[in-house]
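Novice: This is a predicted model, with the sequence first.
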Amino acid sequence: MSSTRLRWLLVALATFAALVFVACGDDEEESGGEGGGGDAAADVKQFPADSALGRIQEEGKITIGVKYDVPPFGFRNPQSDEIEGFDVDMGRHIADALGVEPEFIEAISDNRIPFLMRDRVDLILSTMTITGERDTEIDFSEPYYIARGRILVAGDSQIKGIADLDGDTSVCTALGSTYEETLKKEAPDSELRLVDSYPECQELLQNGAVDAISTDDVILTGMIIQDDTLKLVGDNLTTEPYGVGIKQGNRQMKQLVDETLQAVKDDGRWEDSYQEWVGQYTDQQQKPPTMTLEEAVELAPE
Amino acid sequence: MTELWEVLRDAFPELASGFWVTVRLVAVSFVIALAAGTLVAGLRLAPLRLLRVIGATYVEVFRNLPLLVLLFISFAGLRRAGLPVSAWVAGTGSLGLYTGAYVAEALRSGVFAVGKGQVEAALSLGLDYRQALRRIVMPQAFRTVIPPLANLTIAMIKNSAIIGVSLLALPDLLKEARIYQSQTFQTDATFFWAAVGYLILTVSATIVARRLETRYAIRR
Amino acid sequence: MTYLFDPDNWEWLWTGNNFRFIVEGFAVNVQIALIAMAFSLILGLILALLRLSKVKPVGVAAGVWVDVWRNLPLIFIILYLALALPAPWVDAYESVVPSFFPEALQSGRVLAALLGLVLYNSAVIAEIMRAGILSLDRGQGEAAASLGLSYRQQMRHVILPQGLRRMVPATVSQLITLNKDTTLVSIIAIQEVMRHGRIVTGFNFFGGVQAPVLQVFVFIGILFVITNFALSRLSRRLEVREGGPGRAPPVRVLGVEDQMAPAETR
């Protein structure tokens, strides 16, 4: 083609590209202070400017890694584009205690610890179980929720518990989760299907490609909320105390988080969040956990 | 350096198993691609316009559709709609039909390369159109098609990795590498050996193709 | 079959925010493709020139580089980078990325995606460019030399402009492939159309309308087919103009890219 035509074509492409950027650039907002979190405490402690917390207060925001696809603890509501959930609420309480805005980013199981170690996030609040092995790499807060490992099956399944997961069955869990090991030990004959994230497990269960999913009951509850034909079976496989992930050595942060969490447990905010996100969907009623961090680590040395 | 060999020794069973899964995936998909591609090329060259349109639609749809989307539709979508396809069927079927669109195009241009004169000569010898296609044109077209088919095989080897990371979760080479890495965190070493595995496959395919080319291919 | 066309199963498309949510995800794919293509063209040109270099070792080294990247699965490259990228690089990306970019592109993981796409595609583009340049008559180079132009001047004023023009259709075709490849970045949890599609199918306790998997992904497929089809039409028009009446049929640079079968002759 003639070079003038080629030039016009390039201009058109560049304009198109520019338009695409501008049109889509400004309607994504960072999760702001809407909803859930409750008012900031009247007296917000100010930290010295060169401390870890002081720097966060300077910036005016704290970056928290949460799950974007695990209702009801951390997920993105497609209708409102907000990130919501129990973990998100806890994150808001901590941000309020510092007097800053929370910025939520997605932390998938694979990269959440590296994110924390590289200062990409200040905290991890993403259904993370306290284990001794993780404790060597990062610090944990006191447990803020006790989840249990369970098994989820289809409504018409014959599977009643882990003992029924024999050689003819298949079970799904996430790549890199603690359940990989648990399932290999407790159900070694069952075909283990590992995927990147739990929505994929849910899809496989719902269309019949796997017979069961095993992970924390809160995640499984999230699936039941979306599809009430699924059912939880069997005993509690494991006890999974959730802790807030804190960069190793950041004692200031740990102290703040522990204090905030204790306050939240004491003044009823924990129960409010629990009711909103978990309680109304299951018959189980839980109280704020009293387990200590030492006890949690002892439960799961690795 | 020593950890490179340690990882190889430790992970070899899993990586080897993944390697063979990849080989099987590609082999089955190849057969499907060839079959589908031949069929569609025939459609595109048919005298009946409706058949040509069907063929052209197939090619346009499968060439412009991402493989990952196709995998989702064929596995999750179909199963939800009531058709219980297995992961293997969905995986090889998708990869085969997807590559088949490219095979069809390669065959079609191969046919054109053979030239109208051949078809006319065949017709004048009393063969009907179908026979002319089958006995005269297609065999020659196939031989022009060896270089692009080699490229497509390499493409299939690479695309097979997508099947493993998708919902289908088949334990191919890449998947096995990731599983091993998630347990031991030996990222560099694990991925290095997986890369070696893939390069072995692609280089072998290239060598085989070169051999076939020198023996059979018609150069235009 | 009726399941596919049942209007109840398509109701999600016009209720709530679903349509917009998916199209926003699709826009992220297109943006990633355009950015990756821009960088791939630059790096590809450099690699092509290196391969054509008169200095033997340089040409061979560039050739090995190109061959390695072209022969590895793209998803493999992206996954490795997502796991292995050093933290300082990721942080650097996050401070450099402009704030008018959509949220999905602000995440440091996008660096792994872009780097993977660029490393792979630039190798492919380098081969396309090299073929384009080599497809020119030697006569052109010789004529330019006889006019007293140095090698660099030959390249700049005679060979490159013509050679590059010839590879425009193959490049647009590569852009189509790149557009499809952007779906792979969903594996490293970048919020693009595949992720948005799965969110829509999953969270129906917000909207109240069940969004079935088959329909949602057929819709996403339609988005891709329409966009890529339009791009391929564009590529074909570019070819036609190149030829023009009365001139010899344009030399078509075969898409050396692995998936491109030789286009039909006319």
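Specialist: That came through, no problem.
Novice: When you work out contacts or count neighbours from here on, use the C-alpha atoms and nothing else.
Specialist: Fine.
Novice: can you count the residues close to the nearest residue to A:Glu298 once chain neighbours are set aside?
Specialist: Once flanking residues are discounted, A:Glu298 sits nearest to A:Gly132: 7.3 Å by CA to CA, 6 or more residues apart in numbering or on different chains. For A:Gly132, the number of neighbouring residues by other CA atoms under 10 Å in any protein chain shown comes to 16.
Novice: Check A:Glu276 too.
Specialist: Other residues near A:Glu276 come to 14 when the count uses other CA under 10 Å.
Novice: for it, phi and psi?
Specialist: With angles defined as degrees, to the nearest 10, A:Glu276 shows backbone torsions of phi -70, psi -40.
Novice: Please report the distance of it from chain B.
Specialist: The span separating A:Glu276 from chain B equals 31 Å under the rule CA to the nearest CA, to the nearest Å.
Novice: Pull the contacting residues for that residue.
Specialist: When contacts are counted by CA atoms under 8 Å, 6 or more residues apart in numbering or on different chains, A:Glu276 is found next to no other residue.
Novice: Which pLDDT value goes with the residue nearest to A:Glu298?
Specialist: In this prediction, A:Gly132 carries a pLDDT score of 84.
Novice: got it, and C:Asn228?
Specialist: Reported pLDDT at C:Asn228 in the predicted model: 92.
Novice: pretty sure the residue nearest to A:Glu298 contacts A:Val297?
Specialist: Yes - the pair A:Gly132 and A:Val297 qualifies as a contact (CA atoms under 8 Å) at a distance of 5.1 Å.
Novice: Who are the contact partners of residue 58?
Specialist: Going with chain A. Shown in contact with A:Glu58 (CA under 8 Å, 6+ apart): A:Ala49.
Novice: wrong one, I was asking about chain C
Specialist: Taking CA under 8 Å, 6+ apart as the criterion, C:Val58 is in contact with C:50-51.
Novice: And for C:Ser53?
Specialist: Taking CA under 8 Å, 6+ apart as the test, what C:Ser53 contacts is C:Gly59.
Novice: Just the pLDDT for it.
Specialist: Model confidence at C:Ser53, expressed as pLDDT, equals 80.
Novice: Give me the three-state assignment for it.
Specialist: On the three-state scheme (DSSP: H, G, I helix; E, B strand; the rest coil), C:Ser53 is labelled coil.
Novice: how far away is it from C:Pro169?
Specialist: 25 Å (CA to CA, to the nearest Å).
Novice: Check A:Asp189 too.
Specialist: For A:Asp189, the distance to C:Pro169 (CA to CA) stands at 53 Å.
Novice: Which one's more surrounded, these two?
Specialist: Using other CA under 10 Å, the more surrounded residue of A:Asp189 and C:Pro169 is C:Pro169, with 23 against 15.
Novice: Go ahead and list the helix or strand containing the more buried one.
Specialist: Per DSSP states H and E, C:Pro169 falls inside helix C:168-181.
Novice: Work out the gap between that helix and the centre of the chain.
Specialist: Its chain's C-alpha centre and that of helix C:168-181 lie 5 Å apart, by CA atoms, centre = their mean, to the nearest Å.
Novice: in that helix, what's buried?
Specialist: Judged by neighbour count using 16 or more other CA atoms under 10 Å in any protein chain shown, the buried positions of helix C:168-181 are C:168-181.
Novice: CA atoms only for that helix - export them in PDB, please.
Specialist: These are the backbone C-alpha positions of helix C:168-181, laid out as PDB (Å, rounded to 0.1, in the frame of the first residue of the first chain):
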ATOM      1  CA  VAL C 168       2.800  -6.400   7.800                       C
ATOM      2  CA  PRO C 169       0.200  -9.200   7.100                       C
ATOM      3  CA  ALA C 170       2.200 -11.800   9.000                       C
ATOM      4  CA  THR C 171       2.600  -9.300  11.900                       C
ATOM      5  CA  VAL C 172      -1.100  -8.600  12.100                       C
ATOM      6  CA  SER C 173      -1.700 -12.400  12.000                       C
ATOM      7  CA  GLN C 174       0.800 -12.600  14.900                       C
ATOM      8  CA  LEU C 175      -1.200 -10.000  16.800                       C
ATOM      9  CA  ILE C 176      -4.300 -12.200  16.500                       C
ATOM     10  CA  THR C 177      -2.300 -15.100  18.000                       C
ATOM     11  CA  LEU C 178      -1.000 -12.800  20.700                       C
ATOM     12  CA  ASN C 179      -4.600 -11.700  21.500                       C
ATOM     13  CA  LYS C 180      -5.500 -15.300  22.000                       C
ATOM     14  CA  ASP C 181      -2.400 -15.900  24.100                       C
END
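Novice: Next one: it, is it in contact with chain B?
Specialist: Yes - part of helix C:168-181 sits close enough to chain B to count as contact by CA under 8 Å from any CA of the partner chain, namely C:176-177, C:180-181.
Novice: and B:Gly82, how many residues sit next to it?
Specialist: Around B:Gly82 there are 10 other residues, counting by other CA under 10 Å.
Novice: part of a helix, is it?
Specialist: No - counting by three-state DSSP, B:Gly82 is not found in a helix; it is coil.
Novice: Show the pLDDT at it.
Specialist: Per the predicted model, pLDDT is 78 at B:Gly82.
Novice: swap in C:Leu49?
Specialist: Per-residue pLDDT puts C:Leu49 at 86.
Novice: Packing partners of the helix or strand hosting it?
Specialist: In this structure, C:Leu49 sits in helix C:18-51 according to DSSP H and E. Applying 3 or more CA pairs under 8 Å, 6 or more residues apart in numbering or on different chains; DSSP states H and E, one finds that helix C:18-51 makes contact with helix A:3-25, helix C:56-71, helix C:109-134, helix C:168-181, helix C:193-202.
Novice: who wins for proximity to B:Ala41 among those?
Specialist: Taking CA to CA as the measure, those were each checked against B:Ala41, and helix C:168-181 came out nearest at 20.6 Å.
Novice: The closest one vs helix C:109-134, what angle?
Specialist: For helix C:168-181 and helix C:109-134, the angle between their directions (axes from the mean of the first three to the mean of the last three CA atoms, to 10 degrees) works out to 160 degrees.
Novice: related to what we said a few turns ago, I'd like the buried residues of helix C:168-181 as a markdown table, with distance to chain A and pLDDT appended.
Specialist: As requested, the buried residues of helix C:168-181 are arranged in a markdown table below (distance: CA to the nearest CA, whole Å; pLDDT from 0 to 100):
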| residue | distance to chain A | pLDDT |
| --- | --- | --- |
| C:Val168 | 10 | 81 |
| C:Pro169 | 12 | 82 |
| C:Ala170 | 15 | 83 |
| C:Thr171 | 13 | 85 |
| C:Val172 | 12 | 87 |
| C:Ser173 | 15 | 86 |
| C:Gln174 | 16 | 89 |
| C:Leu175 | 13 | 90 |
| C:Ile176 | 14 | 91 |
| C:Thr177 | 17 | 91 |
| C:Leu178 | 15 | 93 |
| C:Asn179 | 14 | 92 |
| C:Lys180 | 17 | 93 |
| C:Asp181 | 18 | 93 |
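Novice: now, among these, which is nearest to chain B?
Specialist: Nearest to chain B among those is C:Lys180, at 4.6 Å by CA to the nearest CA.
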